[in-house]
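J.: Okay, sequence plus prediction incoming.
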Amino acid sequence: FAQVAPYTQARLRKRNMLFSQSQLRDFLALMRTNDIVVLAGDSGSGKTSLVRAVAESIGGRCAVIPVKPNWTGPEDLLGYYNPIERSYQATPFLRALQAAAREPEVPHFICLDEMNLARVEHYFADFLSLLEGRDSIPTIALYTSDEEHHVVVENSLFLALEEEARQRAGMSDDATFTDLLKNQQANSLLHQLGGFQDSESVLLHHGRLRRSMSALLRTPNSILFPSNVRIIGAINIDETTHYLSPKVLDRAHVLRFRNPVLMDWDAIEAEVEHFDVDVDLPLRLTADDLGLRSNYPPYDRSDPHAALLTKLARLYLDPLGVEFGLRAIRQSLGYMQAARQAGIGDLEALDNVVQQKILPKLMFDTGRTAPNGRSKREILIELRDALDTALQGLQPTAGKETSVAALDRLIASVDGNNGIANYWLR
């Protein structure tokens, strides 16, 4: 699996698309976690291009779902049951899930483009809670079983009345419904038994019942979340979008994209490896190759990475008002396991954890005093120094900023932002 990133880089380079190996390894590691991943960056920085390109390179599928600013609830994402038409109004997102369920061995990436044009915690709330469970495959409820029951009963009742009309009119068992309508006696009996008025069409009623049953078979009242699906959000941070809430940040990994114009293209070009095989061919990874959904690693205080993250949470993050609990730590440890399989060293993986799980939460007034009586600005600087010590020996990679460099930039911007520390500020 560690060779997937360099192969993908070489394949994309041949198509005039250039991503650094660190970006590709990080993205592939995130796909192995089965967590929600958010790609953040300027418009045109290559977020959706990366998702499409990696999906194609591994022989998978990619569906890009544009998010609308007026999305306010789960029905905008998954659809809703229409009681008038007695059918479920599916959305592109639901159809993408159903397409993935039909190909369980093929990886499917579903990208919510412009994810934060609407408030993520409103329309995506059910999924945030649903995907927390790691013991079993999540079940997505679409509508109540009562609606399903009504459709089945109505169809069963009409079939019983139709059979009664056939028998009374003396028609054979192999007579079609068309034959019944053409038979004056059978047609009249069906009108009487069904309580139809003279102006009502049995044919139209029959058509409505068939459509409702077809819709029921096409979209059952619940579906299992396909294990071969990875959900990725692509966001821009500007005045037209909403910030991600703490609830979302706590459950997602945020991979920030730099402006591609500012990248060191020569250094990235130098990374590209040469393969003896035809790199135009996709790898054909199966969903299992990409990683199975499993529980996060247990919280073990003796684990050095768990101990370090706990220390950061206690000494720096909690006084700054930044939540980083057991779930975030276990999720981070799960990412580090996936990162090793993707060919990422432990120091770089730890640096990625800080950038993806901690820095996106930094948004506070450094002029305020922390509960322990100390200045939040001093605590922020100490957090930077602690990370600098913990990440000693980290080798820089092409096209990537370290978490310490990001904190240096953040601290330098505080004075020009009225004392507000904001990781997202440009």
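T.: Good, I have the coordinates. Numbers count the residues shown, from 1 in each chain.

J.: Could you list the low-pLDDT ranges of this protein?
T.: Counting by pLDDT under 70, the chain contains low-confidence ranges at 84, 146, 149-150, 198-200, 215-217.

J.: Which parts of it are strands?
T.: Along the chain, counting by DSSP state E, strands occupy 36-40, 61-66, 80-82, 87-89, 108-113, 139-141, 222-224, 229-235, 252-256, 363-365, 420-422.

J.: most neighbours per residue, which of the ones you listed?
T.: Comparing these by mean neighbour count (mean count of other CB atoms under 10 Å), strand 229-235 ranks first with a mean of 25. For glycine as for every other residue, the C-beta is placed from the backbone atoms N, C-alpha and C.

J.: circling back to that earlier point, let me have the strands of the chain in a markdown table, extended by distance to Leu157.
T.: Listed next are the strands of the chain as a markdown table, based on distance: least, CB to CB, whole Å:
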| stretch | distance to Leu157 |
| --- | --- |
| strand 36-40 | 45 |
| strand 61-66 | 39 |
| strand 80-82 | 21 |
| strand 87-89 | 19 |
| strand 108-113 | 39 |
| strand 139-141 | 27 |
| strand 222-224 | 25 |
| strand 229-235 | 38 |
| strand 252-256 | 48 |
| strand 363-365 | 59 |
| strand 420-422 | 63 |
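
J.: so which of those gets nearest Glu273?
T.: Comparing these against Glu273 with CB to CB, the closest turns out to be strand 252-256 (22.6 Å).

J.: Give the residue farthest from the middle of this structure.
T.: The outermost residue of the chain, judged by C-alpha distance from the chain's mean C-alpha position using CA atoms, centre = their mean, is Gly170 at 58.7 Å.

J.: now that residue: how far from Thr178?
T.: Between Gly170 and Thr178 the computed distance is 17 Å (CB to CB, to the nearest Å).

J.: re earlier: out of the strands of the chain, which comes closest to Leu391?
T.: Ranking the strands of the chain by proximity to Leu391 (CB to CB) places strand 252-256 first, at 17.4 Å.

J.: Tell me who's in contact with the nearest residue to Leu326 once chain neighbours are set aside.
T.: Nearest non-adjacent residue to Leu326, counting by CB to CB, 6 or more residues apart in numbering: Tyr299, 5.5 Å away. Contact partners of Tyr299, counting by CB atoms under 8 Å, 6 or more residues apart in numbering, are Ala306, Leu326, Ile329, Arg330, Leu333.

J.: so which pair among those residues is furthest apart in space?
T.: Farthest pair in the contacts of Tyr299 (CB to CB) is Leu326 and Leu333. Separation: 10.5 Å.

J.: Please enumerate the helices of the stretch 101-250 of the chain.
T.: Under the criterion DSSP state H, counting those that start in this stretch, helices of the stretch 101-250 of the chain are mapped to 120-123, 125-130, 145-169, 177-182, 184-194, 202-218, 246-251.

J.: Restrict the shortest one to CA atoms and write it as CSV.
T.: Put plainly, it is helix 120-123. Coordinates of the C-alpha atoms in helix 120-123 are reproduced here as CSV (Å, rounded to 0.1, in the frame of the first residue of the first chain):
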residue,chain,number,x,y,z
VAL,A,120,-22.7,21.4,7.9
GLU,A,121,-24.0,20.6,11.4
HIS,A,122,-27.6,21.1,10.1
TYR,A,123,-27.9,19.0,7.0
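
J.: wait, isn't Leu189 in contact with Ala169?
T.: Yes: with the criterion set as CB atoms under 8 Å, Leu189 and Ala169 qualify as a contacting pair; they are 6.0 Å apart.

J.: Those two: who's more crowded?
T.: With other CB atoms under 10 Å as the criterion, Leu189 and Ala169 differ in neighbour count, and Leu189 comes out ahead with 20 against 17.

J.: coming back round to it: looking at the strands of the chain, which is closest to Glu147?
T.: Closest among the strands of the chain, once you apply CB to CB, is strand 80-82, at 5.6 Å.
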